[in-house]
Each structure stands twice: as C-alpha cells, then as structure tokens.
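[1] let's see this in three dimensions:
(chains A and B)
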Amino acid sequence: MQKPFIICRPEKCTGCQLCEMACSSRYGGYNPLLSHIRLVRLPPAHILSIACRLCDEPTCVAACPRQCISVDGASGTMIVDKDGCTGCGWCVEACEFGAVTIDPAERVVSMCNLCADRDGQPRCVQICVYGALSLSTPADVAEQRRRELLQAGALPELRTRAGE
Amino acid sequence: MYLERILCVDLTERRSWVETMEARRIQPYLGGVGLGTRLLMDRLPAGADPLGAPAVLAFAPGVFAGTPVATGGKHAVVAKSPLTGMIGDSLSGSFWSHTLRRAGYDALVITGRADELVILAIYDDQVQIRPAAHLAGRSTFDTEAALQAELGSDQVRVSAIGPAGERMVRFACIANDHGRMAGRAGLGAVMGSKNLKAVAVRGSHTIRVADMEALEPLVLELARSCQEPMTYKYRTLGTPSNVLMLNRLGALPTRNYQQTTFEGAEKISGERLNQDYVVRLVACAGCPVGCEHLALVRAGTFAGAPTRIDYEPLYAVSSLWGVDDLAAAVRAVEIAGQTGMDAISAGGTVAWAMECFERGLLSRFDLDGLEPRFGNAAAGIALLEKIARREGIGDLLAEGTRRAAEQVGQGSLDFAMQVKGLEMAGYDPRSLKTMGLSYAVGVRGACHNRSPGYIPDTQSAVDRFKGGPERGPLLVDLENRAAVLDSLVVCKFIRGLFDDFYSQVAHIYHLVTGLDTSLQEMATAGERICTLKKAFNIRQGWTAADDWLPARALREPIPSGPGRGVHMEETELREMIASYYAARGWTAEGLIPREKLEELGLDSDGEVG
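    Here you go, the predicted model:
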C-alpha cells in the first residue's frame, strides 16, 4: 500500500511561502533555508511546493556512499543517520524532485518526516489555508480531483495554465 | 524581535557600515513607514534636493517580516518625494521584505550617488556595490531575472527600477518580486538619481520571536481568518470590483474628472476583468489572503505578459482616459510596471495631456504627432512609453501634472488633478467629501492609502455629498490606524479582521518583539507617526496653501449621474480642514504646537531649518 506524503496541488498554491516558515519553526525560529518543503515560483505564474515523495526505490538511499539513509518501515519516510552523514550532498544531487535538503547549521542531510513529533499533523498542511497541501497519496489526490470535477458541474476552466 | 541593525550605504564613497539602533529607539515608530520616516527625519536637512546626492533613501521592513504573522512580509521605502517635495513613503511587499530581515537588518539607508550605474548586492554581512552597465534600460522584471541568474539563486530577491527610474521620471516606482511595487511618490526617481539600478538581497539568518509558543496559535488563527468573509472581496473579484461600485455612487473619475460616471464602466469592470483576463491569483510571501490578480491579454494589439491589476492603476488608464477597452488597460498597466512607473500618476498625467489636447493647449505637433483624444487607448499607451524614456513630449509629462501644468499654463493647472503634486487615487472628491478632505490634508498628497477617507463615504457611514466638522476626528482616527498598519507592517486588506484593532496588534507585537506595549501605546504610535510626517513636511517647506484641492473640484459641479450638481464648496472644505487640524491638536494654521510634539516624544522635530 502506498504511503501518504505531502502533496501540493499547483492550481491551489498561491506561492505564499507559509509552508516553509511553518516547517522551519521546529528549529525555534523561521527560516526557509531550514525547511524540508520548498516553494518554487517561476514568474509569472508557475508555482509549486515540493517535499519528499517517499519513493519506493529512493535514489537518495542508493546514492549515499555511507549507507546513512534508510526507509522507515511504518511511515515510509527517510531516516538519516546524522552521526554517519558528512553532508557530502550526493543524495541532494540524486533526488530528482530536489526534495533533499542539507541543514546549513549542522551540515547534515535532512528530509521531511511528516512532522513525526506531531502525530500526523504536519505543520505545512496545517498552515496552508489555501488547501493546496495535504498529507495524501497520489491516488487520494486523483479521487479528490474526480470529485471536484463533478462538484463543479463541468470541466473546470484551465485557468492555472497561465503563461504557458 | 528587532535586529537593532541598520545597514548604511554611501554610494559616493562606495562604503557601507552597520549602525546599531536599539529596540527601545525603534519601538516608538514600530518599523516600516514609521521607522523609515524617523531615519529620514534624522538624516535629511531642510530644503534638500530630493534628487541630489545627499538625499536619503530608506528601506524598512516591518518587525513581522521574516515571521509567518499574516501579511507581515512588507517593507516601506521612504524618501523626500521628487514629485511633492514632501514625505514620500511607499509600501511594497513579498519575498524582498522578509529577505532583508533574514540578511540581518531592520532597515537599509542609502545616501550618495555612484559615478556609474550600479547595483547593491547584500548577502548577510557581505555588501557589494557592483557595476550594472549591462542592466541599463532593462525593465523591472528583466532586471530581477538577470540578477537572480547573475548572483546564482532564486533566493536572491531584487528591488529594481526600470528605465523610468533611470531617467528620473518624477513618478517612477521601485518594483520587487515580479510585480510588487513601492508605487507612489516617485521613489524610483530617487533611486535613479543615485545611479542605483537594483538592491539584490539574500539572507540566511533565522528570524526569532520572543514567545513562539504563544504566537503560533495566533498565527494559525489569523491565517485562517484571512480566508473568512471579511477578505472575500480581495480573494474573488479583487479591488477592481470598485469600478462598478464607484460608478453606482457617481464617484468613478472619468475623462480626467470631467465626469464621475462612465458609460463604459461595465466593460472595464472587475467582473469583466476576471471573466476575460484574470488567469490566476497569487500571494505575497507570508500572506494567507492571496489577492494578486494576474491578468493576461493573450492575443491582439494589446497582447502582453501576465500583469498584476488593482483598482487604482486600472481606473487611471481606463475610465480616466475614457477608455472602455480592458485589453488596452491591462497592457497599459503592464507597461507602467515594466518601465517602472506609478500607474496612478502616469495614467493621471496622460489624462491631463488628453484634456490639454482636446482643449487645444497641446497640439498634435507638441505631442509628437499623436492625437490623444479621450478614448484613444493606443495614443495613451504611446504617451506612457514616451514618458518612461523622457522622449519628446514625454520629457514634460515625466514631471507630473503639477509641474507640466505650470509650464503649459493657460488654466491647465485647474484641471491638473493632484494635491501637493501627487495625482489623485481614483475616488472623486466631490461625491466623496471625506475623501476630499483626505486628499487636501494628506501628508503624501492626494492619496487613498495613508488617508483613507473613502471608507466612511463608500460605506454610507456619513452623508458623502456634504462635508461637516465631524469629518476631522473621523479622518484622524483612520489615518492613525493606517499609520500603525503601515509601520507594523500589516496589510490593509486584513484591517477588517480585528474586532479590537489596537489591543490585538499590540498583543501580537508583544509576542514577536518581547517589548511591553499596550492598546494606548499602539494608538499613540499611530498619532506619533502621522505627526512626524507632518513635521517633516513643515521642515521641507509646507504651508497651509498646500492643504487644498484643485480648482476643478471646487468650481466644477459634477455634470451628471448620482452626484449631479455637487461640487466642494470652499467654506465646506475650510470647515473640514479646521476640524481636522483641531482633532490633531494642531494650530488653526495647521502647525504642530510644541506641547503636542513633546507629548509625543518628538521634542526636537519641530525645528525648521
């Protein structure tokens, strides 16, 4: 069974960066550079936030020369052995989603753990008042889209395609 | 918490240093506009040339910038305005504001003039002045993209001027984050006078607050309330919904304020804009409202790139020009943004030129072969482009309506719709009389943001067709609140969310800064900031004659529509102004008594010269 992770729906995301602020708050302050979820805004209108997608065959795990990254069996999140990690950055390069970050203070790799300390209430999802972020599987999102398609009564206008 | 660090840059000497400003010294002015005004007051002598090398240009984010407090990601830009010769304080927001704080500064103060076009690149404690000849003439958007590429990261945030700022167009703006503008009062010209094309900032520091545990639930609650009905207007049709609202009230300035209803209003309405041109909504960094309407004209004569549209820029290039073509209006706003001009003043100046043309005061020859009759959108757009380059007639129009009218003469100053040199904001002062008072006494000139008299008028809280002595106290309260919003900084679009404004923002301020404050102190800060701005104006040569309206508002009754026959009586305006000065505790001449300055802790700010 596929495990849920943080998914951003680009048509709902306004690029407000509050997810990055909220994520970084676990360090006792606010700093997007410490965030596991990262916002991308390509002007004028392409917007998406990206976090670890809990790959079945994670390229970050394969890339680590010291075998410091493993997959948590229950949640599917990546566990980093901080004592072994030297911050070499191969896993950062290997991740095709750009979802691996290095903590600039500790110089070790850091990835989304779905706010394990908060019992399934990720900070980023909580602060996303636009409803763009959810803790879901791709199948959940597809189901949601199908539902919204019918609720709207018609095919939605492709307004988010701005600027393409 | 305050960072207590002010980054100072002298472009003449190519030198930068950090000055300490203790939290207790910033607190009376909060941050943003208040802090910027304080820095300007302390550093700029009386009679200084706003475009001279010693002129001061201050950038000051609010103390909520860098935190997730809703809409706190904003900064003020403050200088002596080259358009008005008085206080020029303008707000912008988004990533740049947060980033300057993360680089470790509560404010950035720039003086001097570089001997070539340069950019300022700030990365935490590293401050570089770099040559920028390759950016000369580039649009605001291009400059931003080019600097992100050159400096190697999207985390580099850029405030830049366009070609209009480089040529010191007196209403040039400063743009950041692809479409946010410190728009009014010509601050882009001040930046251009310093040969400073852009300020690129990158910051790596963590922003801390005094009581995170107590703040976090409030942050969430405020963010959620930003999606509740109070902000509905901003999240749906957006401020362009004002077009039809003001048209119904007979307050939609049309053809340079010759009329106040526009037969083409439906065609330029917010409803039509959203239906036909708005492609998506985006947010400033740190904002849970998400009001930015990106409009795109995909094809035809006026096709362009997506651009952000609000009511005031829209009005200034549509009804004010007698233009009912939304595609043309969107394109005109885009050109203003790309070239780096305040669309309100630029549009207003073009509307004035249109009237001059129709009255025969400016000929086709004067206008480089153009025939800008009202309704001629293409000619209006051509004039915008000429202004941005100061080409031909654009050189005169780049001076703004007041200076241009002084040169053209022949009664054209009577219909130069400005106060203190700043063009009016899109609310007719005859059918919105509290707004008329706002325009007249506003320290920034004819502005709707610092002095928002349109609020009671449009909400039918007063008889909008008739002024009265109760308007003074009403306006003072609105201005003081606006000053607190502009200094904390919190966006005006969430002002409606607070039941008990001063005490709620005081509480958030306390949790963020760790400083003790109170409802009363917060209210006093608003009064202090408004008074300081007035003291600045007095020092720079303000006289009572500056608090007045253009002749059209006083002598020409509205010809048709709901406001038919109404104009502003001189006695009516005098009575309102007197009530305003009295409510401020100023003298009958509009000067600030020494006791008032002392009461507000502004003891030394009354000195002129």
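[2] show residues contacting stretch B:228-242.
    If you take CB atoms under 8 Å, 6 or more residues apart in numbering or on different chains as the criterion, stretch B:228-242 is touched by B:227, B:269-271, B:273-274, B:278, B:281, B:289-291, B:293, B:309-312, B:314-315, B:426, B:493-494, B:496-497. Glycine gets a C-beta too; all of them are placed from N, C-alpha and C.
[3] tell me the buried residues in that stretch?
    B:Met230, B:Thr231, B:Lys233, B:Tyr234, B:Arg235, B:Leu237, B:Gly238, B:Thr239, B:Pro240, B:Ser241, B:Asn242 (16 or more other CB atoms under 10 Å in any protein chain shown).
[4] quick one: which of these is nearest B:Asn480?
    B:Met230 (20.7 Å; CB to CB).
[5] contacting residues for the residue positioned nearest the centre of chain A?
    Central residue of chain A (CA atoms, centre = their mean): A:Ala51, 1.5 Å from the mean position. Contacts for A:Ala51 (CB under 8 Å, 6+ apart) come out as A:Phe5, A:Ile6, A:Cys8, A:His36, A:Ile37, A:Arg38, A:Ala99, A:Cys112, A:Cys124.
[6] likewise B:Val408?
    B:Cys356, B:Leu361, B:Leu362, B:Leu396.
[7] distance from the helix or strand where the first one lies to the middle of the chain?
    Assigning secondary structure by DSSP states H and E places B:Cys356 in helix B:343-358. Shown here is helix B:343-358, whose average C-alpha point lies 19 Å from the average C-alpha point of the whole chain (CA atoms, centre = their mean, to the nearest Å).
[8] which elements pack onto that helix?
    Applying 3 or more CB pairs under 8 Å, 6 or more residues apart in numbering or on different chains; DSSP states H and E, one finds that helix B:343-358 makes contact with helix B:311-317, helix B:326-339, helix B:377-389, helix B:394-397, helix B:400-408, strand B:422-423.
[9] of the ones you listed, which stretch is the most buried?
    Comparing the helices and strands packed on helix B:343-358 by mean neighbour count (mean count of other CB atoms under 10 Å in any protein chain shown), strand B:422-423 ranks first with a mean of 29.
[10] and the following helix or strand past it, what does it pack onto?
    Using DSSP H and E, the next helix or strand after strand B:422-423 towards the C-terminus is helix B:433-441. For helix B:433-441, the packing partners by 3+ CB pairs under 8 Å, 6+ apart come out as helix B:454-458, helix B:471-488, helix B:570-584.
[11] distance of the residue of chain B found nearest chain A relative to B:His293?
    With CB to the nearest CB, the shortest gap between chain B and chain A falls at B:Val279, namely 3.2 Å. Distance, B:Val279 to B:His293, using CB to CB, to the nearest Å: 9 Å.
[12] the more surrounded of these two?
    Higher neighbour count among B:Val279 and B:His293: B:His293, with 27 against 21, using other CB atoms under 10 Å in any protein chain shown.
[13] so what's the more buried one bridging to?
    The bridge-partner assignment for B:His293, based on DSSP bridges, gives B:Leu281.
[14] that one reaches B:Pro306, doesn't it?
    No. B:His293 is not in contact with B:Pro306 according to CB atoms under 8 Å; the separation is 9.8 Å.
[15] wait, what's in contact with the nearest residue in space to B:Glu334 that is not next to it in sequence?
    What sits nearest to B:Glu334 in space, not counting adjacent residues and going by CB to CB, 6 or more residues apart in numbering or on different chains, is B:Thr307, at 3.8 Å. By CB under 8 Å, 6+ apart, the contact set of B:Thr307 is A:Pro44, B:Gly179, B:Leu294, B:Ala295, B:Leu296, B:Val330, B:Val333, B:Glu334, B:Gly337.
[16] sorry, back to before: from what I can see the residue of chain B closest to chain A touches B:Pro306, true?
    Yes. Using CB under 8 Å, B:Val279 is in contact with B:Pro306, at 5.9 Å.
[17] thinking again about what came up before, return the subset of the buried residues of stretch B:228-242 lying in helices.
    When DSSP state H is applied, these are split such that B:Lys233, B:Tyr234, B:Arg235, B:Asn242 fall in helices.
[18] dump those residues to CSV, plus distance to B:Gly62 and pLDDT.
    Formatted as CSV, these follow (distance: CB to CB, whole Å; pLDDT from 0 to 100):
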residue, distance to B:Gly62, pLDDT
B:Lys233, 23, 92
B:Tyr234, 19, 93
B:Arg235, 22, 92
B:Asn242, 26, 97
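[19] quick check: the farthest pair among those residues?
    Applying CB to CB across those, the maximum distance is between B:Arg235 and B:Asn242, 15.1 Å.
[20] check residue 151 and give its pLDDT.
    Using chain A. The model reports A:Gln151 with a pLDDT of 80.
[21] the intended chain is chain B.
    For B:Leu151, the model assigns a pLDDT of 97.
[22] give me the below-cutoff pLDDT ranges for chain A.
    A:153-164 (pLDDT under 70).
[23] let me see the ranges of the helices in it.
    A:18-24, A:59-63, A:90-94, A:123-127, A:138-151.
[24] which positions in chain A make contact with chain B?
    A:11, A:14-18, A:21-22, A:24-25, A:27-34, A:40-41, A:43-45, A:47, A:104, A:126-127, A:129-130, A:159-163 (CB under 8 Å from any CB of the partner chain).
[25] out of these, which are buried?
    A:14-18, A:21-22, A:24-25, A:29-34, A:41, A:43-45, A:47, A:126-127, A:129-130, A:160, A:162.
[26] how far away is B:Ser518 from B:Thr111?
    Counting by CB to CB, the gap from B:Ser518 to B:Thr111 is 36 Å.
[27] the more surrounded of the two?
    A count of neighbours by other CB under 10 Å puts B:Thr111 above the other of B:Ser518 and B:Thr111, at 19 against 13.
[28] identify the residues contacting that one.
    Applying CB under 8 Å, 6+ apart, we find B:Thr111 in contact with B:Cys8, B:Val9, B:Asp10, B:Leu11, B:Thr12, B:Arg43, B:Ala53, B:Pro54, B:Ala55, B:Val56, B:Leu57.
[29] could you redo the last one with a cut-off of 10 Å?
    Listed by CB atoms under 10 Å, 6 or more residues apart in numbering or on different chains, the contact partners of B:Thr111 are B:8-13, B:43-44, B:53-58, B:194.
[30] show me what contacts B:Thr99?
    Contacts of B:Thr99 by CB under 10 Å, 6+ apart are A:32, B:61, B:65-66, B:73, B:75, B:122, B:155-159, B:176-177, B:200-204, B:285.
[31] next SSE after the helix or strand hosting it?
    Using DSSP H and E, B:Thr99 falls within helix B:95-102. Next helix or strand after helix B:95-102 toward the C-terminus (DSSP H and E): strand B:107-111.
[32] partners of the following helix or strand past that next one, with directions?
    Proceeding N to C from strand B:107-111, the next assigned helix or strand is strand B:118-123, under DSSP H and E. Applying DSSP bridges, strand B:118-123 is found paired with strand B:126-131 (antiparallel), strand B:196-202 (parallel).
[33] need the contact partners of the shortest one.
    Right, strand B:126-131. Taking CB under 10 Å, 6+ apart as the rule, strand B:126-131 contacts B:7-11, B:14-18, B:103, B:108, B:114, B:116-122, B:147, B:150-151, B:196-198, B:200, B:202.
[34] got a PyMOL select line for the buried ones in these?
    Only the buried entries of the contacts of strand B:126-131 go into this PyMOL selection, using 16+ other CB under 10 Å:
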select buried, chain B and resi 7+8+9+10+11+16+103+108+114+117+118+119+120+121+122+147+151+196+197+198+200+202
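[35] how far is the lengthiest helix in chain B from where the chain is centred?
    Ranked by number of residues, the top helix in chain B under DSSP H is helix B:519-539. How far helix B:519-539 lies from its chain's middle: 18 Å, per CA atoms, centre = their mean.
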